[in-house]
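Engineer: quick one, what's the 3D model for this:
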Amino acid sequence: MTRSPIMTATCSCGGVGLKAFGRPIVSNVCYCEDCQKGADQIEALPNACTVRDPDGGTAYILYRKDRIECSKGAELLRSYKLKETSVTNRVVAACCNSAVFMNFDKGPHWVSAYRARFHGELPPLQLRICTRSKPDSVVLPDDVPSHRSYPSRFIVKLLASRVAMLLGR
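Structural biologist: Take a look at the predicted model:
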């Protein structure tokens, strides 16, 4: 696999850096209750940056685990869970309490990196998911498809990326 193009991301103070290689799996905004609760948890930390977009969604760029790495400040990363038994970890740069990425204890082969942390030309937003949990007052634009749950297109992209990863592509 070629290790380019490279996208970079940093926490707000620059103490933590990420490098992502190749094309992302998908670029999306999630409105699920867990993402909203996770944003509440992170935004409550001292001097934390805003996690959610103004419409209440959390924007991510998903990368395969083998295509994203911490290039600086790994010792500053802290994991937060909604509950002790949660398999999801929202990872924050302790230096400035910036949300950096979300990963899982076991299973999924991808990392959901917070879109706001990336620099340069970002991949276009492709879809909005779990919109049934968005705030009632929010009217979503029609610039990309919006789905009340996890659409089959999203699941297919995740599965295809897993197959490609297993095949070393």
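
Engineer: tell me the contacts of Lys106?
Structural biologist: Listed by Cβ atoms under 8 Å, 6 or more residues apart in numbering, the contact partners of Lys106 are Val87. C-beta here means a position set from N, CA and C on the backbone, and glycine is covered the same way.

Engineer: mind checking pLDDT for Arg169?
Structural biologist: As predicted, Arg169 sits at a pLDDT of 83.

Engineer: any idea how far it is from Arg162?
Structural biologist: For Arg169, the distance to Arg162 equals 11 Å [Cβ to Cβ, to the nearest Å].

Engineer: look at these two and report which has more neighbours.
Structural biologist: Arg162 (15 against 9; other Cβ atoms under 10 Å).

Engineer: got the contact list for that one?
Structural biologist: Contact partners of Arg162, counting by Cβ under 8 Å, 6+ apart, are His109.

Engineer: and what about it, helix, strand or coil?
Structural biologist: helix (DSSP: H, G, I helix; E, B strand; the rest coil).

Engineer: just Asp66 next, same as before
Structural biologist: helix.

Engineer: wait, doesn't it sit right on Ala164?
Structural biologist: No: using Cβ atoms under 8 Å, Asp66 makes no contact with Ala164, being 10.0 Å away.

Engineer: by mean pLDDT, flag the weakest helix or strand of the protein.
Structural biologist: Lowest on mean pLDDT, DSSP states H and E among the helices and strands of the chain sits helix 152-166, with a mean of 93.

Engineer: can you give me the helices for the chain?
Structural biologist: 33-43, 152-166 (DSSP state H).

Engineer: so what does the shortest one touch, helix or strand wise?
Structural biologist: Using 3 or more Cβ pairs under 8 Å, 6 or more residues apart in numbering; DSSP states H and E as the contact test, the elements touching helix 33-43 are strand 58-64, strand 77-80, strand 88-93, strand 98-104.

Engineer: so which of those strands gets nearest Ala44?
Structural biologist: Closest of these to Ala44 is strand 77-80, at 10.2 Å (criterion: Cβ to Cβ).

Engineer: picking up where we left off before, mind giving me JSON lines with the helices and strands packed on helix 33-43 and columns for mean neighbour count?
Structural biologist: As requested, those are exported to JSON lines (neighbours: other Cβ atoms under 10 Å):
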{"stretch": "strand 58-64", "mean neighbour count": "24"}
{"stretch": "strand 77-80", "mean neighbour count": "15"}
{"stretch": "strand 88-93", "mean neighbour count": "22"}
{"stretch": "strand 98-104", "mean neighbour count": "23"}
